[in-house]
Structure formats: structure tokens, C-alpha cells
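Peer 1: Here is a sequence together with a model predicted from it:
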Amino acid sequence: MNFPALKNDRILRAARGEEVDRIPVWVMRQAGRYLPEFRELRSRYDFFTICRTPELACEVTLQPIQRYDLDASIIFSDILVIVQALGMIVEMQPSVGPVIPDPLKEPLDLDRLNQSIDVKQELGYVFEAITLTRHRLNGQVPLIGFSGAPWTLMCYMIEGGGSKTMSKAKKWLYKYPEESKRLLQILTDIIVKYLIEQVNAGAQMLQVFESNAEYLNSELFDRFRGPYLSSICSRVKNELKDNSVPMIVFAKGGHYAIKQLSTFDYDIIGLDWTIDPVEARKIVGNNITLQGNLDPCSLYGTPEQIKKMVKNMVSKFTKHRYIANLGHGIYPDVDPEHLRAMIDAVHEC
Ligand code: CP3
């Protein structure tokens with residue numbers, strides 16, 4: 001597709017375990033409501049209209065890149081576009097978040113899903129946005145593609161939105177284990193195709209978001225998370241062969257499974273802020289890159305405090321095999337100048 005040459009490959013070097021001149025940094029949800037330019041555009045368009053319009057998704061993806069000295073961009077979209085592609089309605093309600101008005105209630109409901117979708121066609125708007133953005137980035141920084149992980153998507157499909165306990169989704173695991181596996185497998189097969197097509201469209205790195213890891217434990221991991229997360233990575237890499245790109249797995253609240261995750265093919269493990277970096281490094285060994293994990297709330301501190309917290313974090317991770325990030329997405333009421341303080345502090349380390 002003749003993309004412009006890449007001028008900043010720090011994050012790719014860190015992913016491969018190579019030396020870097022300075023620590024690469026990006027931030028989950030870096031394109032979002034804390035930015036006035038995002039809020040302005042968002043006041044004119046519905047959330048999923050932005051996702052579905054490559055020109056708009058591209059514009060929003062580039063907003064944080066134009067403002068800050070970041071080392072990666074992440075395509076603007078949402079993990080729930082896969083749920084929509086399966087035929088379910090997903091609405092983004094102001095101050096509520098995603099709502100699925102007609103969630104899966106019992107195993108028979110699985111028959112409602114469009115299981116044999118043509119991913120290239122149903123999610124073509126994401127691939128178009130990626131290709132356009134890769135051109136517009138003009139090689140400034142790499143472009144990250146992403147997907148939700150099977151368990152996290154299953155939660156939304158059954159809960160119908162966010163939940164404090166995930167008790168409806170977990171009920172399936174205990175009451176309908178075989179049907180749960182069927183659903184997780186349907187999602188896995190789509191996610192694999194989706195990630196492969198993102199790379200074909202121009203994504204230079206991939207992140208799998210397991211935002212709801214915290215509701216499970218190591219036994220449930222072995223049955224309902226691990227096998228699917230593992231096969232996503234190995235299948236994507238096998239199918240892309242020489243064109244494969246570094247893959248990140250981010251599991252929020254998933255400290256009980258870091259060891260198992262490190263045995264999969266992922267190049268990078270993203271950590272939330274509850275895990276001590278020194279402990280995490282001991283658990284995963286030296287052949288994997290770690291990403292994270294500043295508490296998103298630390299950005300409510302003063303720029304001086306942020307600088308200190310970043311220094312402390314970097315001293316624990318060290319400069320080797322490390323990508324700086326928050327331990328979860330940036331919150332909408334953070335002062336954009338405080339994110340700048342974080343980014344600059346990382347680069348000064
Ligand atoms: O990181 C980026 O800048 C890329 C864009 C991105 C969004 N969502 C945009 C978004 C990414 C990578 C996501 C992933 C996502 N979406 C996750 C995994 C990461 C995480 O936070 O755990 C999850 C769980 C979702 C589902 C989702 N989408 C929720 C729970 C919400 C509501 C919470 C919130 O922050 O509002 C969304 C909405 C959403 N996704 C917004 C944005 C910018 C805000 C919606 C709006 O503008 O009204």
C-alpha cells in the first residue's frame with residue numbers, strides 16, 4: 001500500500017527487546033473526552049458515527065498526536081464494534097456508557113447471532129480508517145490496532161452494559177459452561193480475522209483489551225480465558241507469518257494470571273496500576289516487554305507530583321523492554337496539560 005516510511009520506531013524496538021534512545025510512551029484512550037477538540041467533534045456526531053466514518057475516526061486518532069510528543073497512535077474505534085457486527089444493537093448513552101438493549105439471556109439466544117459474517121465487509125470501515133490514518137500519520141509514529149478479548153465481549157453481550165459484579169455473565173460460566181465456550185469460540189474466530197485484517201490494512205502493532213479480567217480467577221482463566229487469548233495470538237501470528245506485528249495483551253485486574261499470560265506468544269503484557277512492576281518482572285522473566293502502569297488518577301496530582309511518580313515508576317520498570325502507559329484509560333476530567341507532564345517526564349528519564 002506504499003505507506004510513508006516510519007520515522008519513530010521506539011515502541012517497536014521496545015517490543016522486540018532492542019535498545020531505545022528514550023522510553024516510548026502512549027496512553028490508553030488517548031483520543032477521548034479529556035481533549036476539548038474531541039468534545040467539540042463529538043458534540044456534532046454520535047459516537048458510533050465517528051467510528052464508522054473513516055475520515056472522522058482518522059481525525060480523532062490524530063488529535064493527541066498533533067498535541068503531544070507521543071510514540072504511538074491507536075486507531076479510534078471501540079471494542080463493541082464486534083458485538084454490532086454479530087447483529088446486536090449497541091448504543092453509547094451519555095454519562096452511562098455502552099448499552100445493549102437486548103442482551104443474550106439464555107443459550108438459545110446464541111442462534112440470534114450472525115455467526116458467519118464477512119469480517120472484511122462488516123467491519124470494513126475500521127480497516128478503511130486504519131489505512132487512511134496510516135497515510136495521514138506520514139510515518140510520524142506507529143499505528144496500533146486493537147480488539148476486545150472474548151471474555152470481556154461476552155460480558156457486554158450478556159450483561160447488556162457495564163456491571164459491578166458480572167454476575168449474569170459469570171452465571172453462564174457455571175450454569176452453561178459448554179454454551180459459554182461456544183460463544184467464546186465464536187468471538188475468538190471473529191477477533192482473529194478482525195486483527196489480521198487490521199494488520200493488512202496498515203496496523204503496526206495490536207492490543208487485545210481484556211478489561212474484565214478481574215472478575216475471574218486462575219481456575220476460570222484456565223477454562224474460559226487462557227485458551228482463547230492464547231489461540232488469538234498464535235493464530236494471528238501464524239496466519240500473518242512474516243507480516244506479523246508485535247502483540248500486546250492488557251488484562252485489567254488479571255494479576256492472578258500474569259504467569260500464564262507470559263507463556264503465550266504475546267510480545268508485551270500491559271499491566272494495570274495495582275501490580276508492582278518489580279513483582280511483575282520477577283513473574284514474567286526477561287523475555288517479554290512490559291507496558292504500564294501509572295494510576296490514571298495520579299494525573300489529578302500537580303505536574304511536579306506527576307513527574308516524581310513517573311520517575312519512581314520508570315525506576316521500577318527500568319528502560320529495558322518497557323513501554324510507558326497508564327494502568328487503564330485516561331479519565332475524561334483530566335487536565336490535558338497533566339498528560340503532557342506525564343509524557344515529558346517519561347522522555348526525560
Ligand atoms: O484508546 C483510544 O484512544 C482508542 C479508542 C478507544 C475507545 N474505546 C474510545 C471510546 C478504545 C481503545 C476503546 C476500548 C474500549 N471500549 C474498552 C477497553 C478499554 C477499557 O477502557 O477498559 C472498553 C471496555 C470499551 C467499552 C466502552 N466504550 C465503555 C465502557 C465506554 C464508556 C466509558 C467511557 O469512557 O465513556 C465506552 C465509550 C468510549 N469509547 C468513549 C471513547 C472515546 C467515550 C464515549 C463518548 O464519547 O461518549
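Peer 2: Looks like it came in fine. Residues are numbered from 1 along each chain as shown.
Peer 1: distance of the spatially closest residue to G301 that is not a sequence neighbour from the ligand?
Peer 2: Nearest residue to G301, sequence neighbours excluded (Cβ to Cβ, 6 or more residues apart in numbering): M309, at 6.9 Å. C-beta: built from backbone N, CA, C; applies to glycine. According to Cβ to the nearest ligand atom, to the nearest Å, M309 stands 21 Å off from the ligand.
Peer 1: Can you list the helices and strands that the helix or strand containing M309 packs against?
Peer 2: Assigned by DSSP states H and E, M309 belongs to helix 303-317. Identification of packing neighbours for helix 303-317 by 3 or more Cβ pairs under 8 Å, 6 or more residues apart in numbering; DSSP states H and E yields helix 277-284, strand 289-294, strand 322-326, helix 336-348.
Peer 1: repeat that for 7 Å
Peer 2: With contacts defined as 3 or more Cβ pairs under 7 Å, 6 or more residues apart in numbering; DSSP states H and E, helix 303-317 has these neighbours: helix 277-284, strand 289-294, helix 336-348.
Peer 1: picking that back up, contacts only, for the residue nearest to G301.
Peer 2: Applying Cβ atoms under 7 Å, 6 or more residues apart in numbering, one finds that M309 lies in contact with 294, 298, 301.
Peer 1: how near is the last one to the ligand?
Peer 2: Here G301 is placed at a distance of 21 Å from the ligand (Cβ to the nearest ligand atom).
Peer 1: Tell me, how many residues neighbour that residue?
Peer 2: When neighbours are counted by other Cβ atoms under 10 Å, G301 registers 16.
Peer 1: same question, the second one
Peer 2: Neighbourhood size, S298 [other Cβ under 10 Å]: 19.
Peer 1: nearest spatial neighbour of it, skipping sequence neighbours?
Peer 2: The shortest distance from S298 to any non-neighbouring residue, by Cβ to Cβ, 6+ apart, is to M309 (5.1 Å).
Peer 1: so what's the residue of the stretch 1-150 of the chain found nearest the ligand bridging to?
Peer 2: As assessed by Cβ to the nearest ligand atom, the ligand sits closest to G97 within the stretch 1-150 of the chain, at 3.2 Å. Assessed by DSSP bridges, G97 has beta-bridge partners Q93.
Peer 1: host element of F209?
Peer 2: For F209, the host element (DSSP H and E) is strand 205-210.
Peer 1: G87 is in contact with S116, isn't it?
Peer 2: No: G87 is beyond contact range of S116, at 11.2 Å (criterion: Cβ atoms under 7 Å).
Peer 1: More neighbours: those two, which one.
Peer 2: Higher neighbour count among G87 and S116: G87, with 12 against 7, using other Cβ under 10 Å.
Peer 1: sec struct for the more buried one, please.
Peer 2: Classification of G87 by DSSP: H, G, I helix; E, B strand; the rest coil places it in coil.
Peer 1: tell me the secondary structure for the closest residue to it other than its chain neighbours?
Peer 2: Among residues not flanking G87 along the chain, N114 sits closest, at 4.2 Å (Cβ to Cβ, 6+ apart). In the three-state summary, N114 is assigned as coil, counting by three-state DSSP.
Peer 1: Tell me the confidence at N114?
Peer 2: Looking at N114, its pLDDT reads 95.
Peer 1: separation between it and R134?
Peer 2: Distance of N114 to R134, given as Cβ to Cβ, to the nearest Å: 29 Å.
Peer 1: repeat for I268
Peer 2: The gap separating I268 from R134 is 20 Å, by Cβ to Cβ.
Peer 1: rewinding a little: who wins for proximity to the ligand among the helices and strands packed on helix 303-317?
Peer 2: The nearest among the helices and strands packed on helix 303-317, by Cβ to the nearest ligand atom, is helix 336-348 at 11.9 Å.
Peer 1: Quick one: list the elements packing against the closest one.
Peer 2: Checking 3+ Cβ pairs under 7 Å, 6+ apart, helix 336-348 ends up next to helix 303-317.
Peer 1: Alpha carbons only: can I get the helix it packs on in CSV?
Peer 2: Extracted C-alpha coordinates of helix 303-317, given in CSV (Å, rounded to 0.1, in the frame of the first residue of the first chain):
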residue,chain,number,x,y,z
PRO,A,303,2.7,18.4,37.2
GLU,A,304,5.6,18.2,39.8
GLN,A,305,3.9,15.3,41.6
ILE,A,306,3.3,13.5,38.3
LYS,A,307,7.0,13.9,37.3
LYS,A,308,8.0,12.3,40.6
MET,A,309,5.5,9.4,40.2
VAL,A,310,6.7,8.8,36.6
LYS,A,311,10.4,8.7,37.8
ASN,A,312,9.5,6.3,40.5
MET,A,313,7.6,4.1,38.0
VAL,A,314,10.4,4.1,35.5
SER,A,315,13.0,3.2,38.1
LYS,A,316,11.0,0.1,38.9
PHE,A,317,10.4,-1.0,35.3
